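Participant: Predicted coordinates and the sequence they were generated for:
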Amino acid sequence: MTYGGYGTAINGCCAFIAQTYTAGLTGTLAGVSIYVQSQDTYPLHVAIRTVSSGFPTTTVLGDVTLSSNNPVLSEIITFPQLIPQVAGTQYAIVVNYIGAPAPPVAYNIPGEWTGATSLNFQSLYAGGDNFASVSGTSWTRSGEAVSGDLFFKTYVNPPMLPVAINVRPWSCANKIIEGKDGALPVAILSSPAFNAVAAVDISTLTFGRDGSEKSLLQCVQGQQDLNGDRLPDLLCYFDLNKANFEDGDTAAVLRARTVNGRSVIGTDSVRVRHRPH
């Protein structure tokens, strides 16, 4: 049995509110969901921080300022940063309102992060606790008389699957001229456990300096063995001008998802030189 009338005011006594949690899966954080009932219009800032000795730290792994100030549990809040999650490790979801008057101010309660407790007013979630902080650096546990937990959900993607790639599979040089137009061939190589032709969702392929560049031109249909191991490899061409390489770069990164939704990553060494005038 649970009692849902529990929550912590954001910017009431304290500007920052946090809920710690224990990651159940190893991978990267796809997003979180929280339930905030807002009474004002200040934008809500949501951050993921590390935890030490059960308390949130000042180390921010990723953050975002929402266009909405009253997210609900059906909404997934995503972050522009890649946030690692390790099973069994604690992390903290930390929220505050950007631009809100500094507390404590009478009736200054722009919003409340809601939650639940048991009928005997004890915590329901052993994996974490909720905290409050005036400055965001020193924390105290919320609700000494009533111990509860704030509503949240976390979504974790499994670890990226490393795959082998070969830039310019017919050449050993891998020399790239920065700013030069043209199509760069890249082979995604199969292994006994990974069929690149069958597994890769071609529509998700990105390639370039950090692997987020939308530079795909086309992939060659059909199976080709590009490294002599008698396994079918996938050959694709990428727009050099959109790959965003810079003079001195020594690595190229390819990212994609499989047809089953698994994220993959591959890297190869390159030599990027400035285009002569």
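Facilitator: Cool, got the structure.
Participant: C-alpha only now, for contacts and for neighbours.
Facilitator: OK.
Participant: Does Ala256 touch Leu216 like I think?
Facilitator: No - look at Ala256 against Leu216 with CA atoms under 8 Å: they stay out of range, at 11.1 Å.
Participant: so what's in contact with the two at the same time?
Facilitator: Taking CA atoms under 8 Å, 6 or more residues apart in numbering as the contact rule, Ala256 and Leu216 both touch Leu205, Thr206.
Participant: Not counting sequence-adjacent ones, nearest residue to Lys180?
Facilitator: Closest residue in space to Lys180, ignoring its immediate chain neighbours: Asn241 at 6.1 Å, by CA to CA, 6 or more residues apart in numbering.
Participant: give me the number of residues near Asp239?
Facilitator: By the criterion of other CA atoms under 10 Å, Asp239 has 21 neighbours.
Participant: Next one: the residue positioned nearest the centre of the chain relative to Gly266, how far apart?
Facilitator: Nearest residue to the geometric centre of the chain (CA atoms, centre = their mean): Leu82, 3.7 Å. Distance, Leu82 to Gly266, by CA to CA, to the nearest Å: 16 Å.
Participant: Return the mean pLDDT over the strand ranked longest in the chain, rounded to an integer.
Facilitator: Using DSSP state E to define each element, the chain has its longest strand at strand 55-65. Averaging pLDDT along strand 55-65 yields 97.
Participant: Over to stretch 29-47?
Facilitator: On average, stretch 29-47 scores 92.
Participant: likewise stretch 6-25?
Facilitator: On average, stretch 6-25 scores 91.
Participant: quick one: low-confidence parts of the chain?
Facilitator: 1-5, 104-109, 119-122, 143-146, 179, 275-277 (pLDDT under 70).
Participant: domain assignment for it?
Facilitator: 2-157, 161-274 (automatic domain parsing).
Participant: Span of the last one from start to end?
Facilitator: It refers to domain 161-274. 32 Å.
Participant: same deal with stretch 49-60?
Facilitator: Terminal-residue distance, stretch 49-60 (CA to CA): 4 Å.
Participant: Ok, stretch 82-99 next?
Facilitator: 26 Å.
Participant: what's in contact with it?
Facilitator: So stretch 82-99 is contacted by 10-11, 15-29, 42-51, 54, 56, 61-62, 110, 127-128, 156 (CA under 8 Å, 6+ apart).
Participant: just the helices in the protein please.
Facilitator: 196-199 (DSSP state H).
Participant: quick one: the strands in the stretch 1-150 of the chain?
Facilitator: For the stretch 1-150 of the chain, the strands defined by DSSP state E, counting those that start in this stretch occupy 2-10, 16-22, 27-34, 36-38, 44-52, 55-65, 84-85, 90-97, 111-118, 130-133, 140-141, 149-150.
Participant: packing partners for the fourth one?
Facilitator: Contact analysis of strand 36-38 by 3 or more CA pairs under 8 Å, 6 or more residues apart in numbering; DSSP states H and E lists strand 111-118 as its packing neighbours.
Participant: Run the chain-centre distance for the strand it packs on.
Facilitator: Between the mean C-alpha location of strand 111-118 and the chain-wide mean there is a distance of 25 Å, by CA atoms, centre = their mean, to the nearest Å.
Participant: For that strand, which strands pair with it and how are they oriented?
Facilitator: Strand 111-118 has its sheet partners listed here by DSSP bridges as strand 2-10 (antiparallel), strand 36-38 (antiparallel), strand 149-150 (antiparallel).
Participant: wait, which of the ones you listed is closest to Ile176?
Facilitator: Nearest of the strands paired with strand 111-118 to Ile176, taken as CA to CA: strand 36-38 at 49.9 Å.
Participant: Now do the closest one: everything it contacts.
Facilitator: Contacts of strand 36-38 (CA under 8 Å, 6+ apart): Asn69, Asn70, Pro71, Val72, Pro110, Gly111, Glu112, Trp113, Thr114.
Participant: what do you get for stretch 214-226?
Facilitator: 169, 183, 187, 189, 197, 202, 205-208, 231-240, 242-243.
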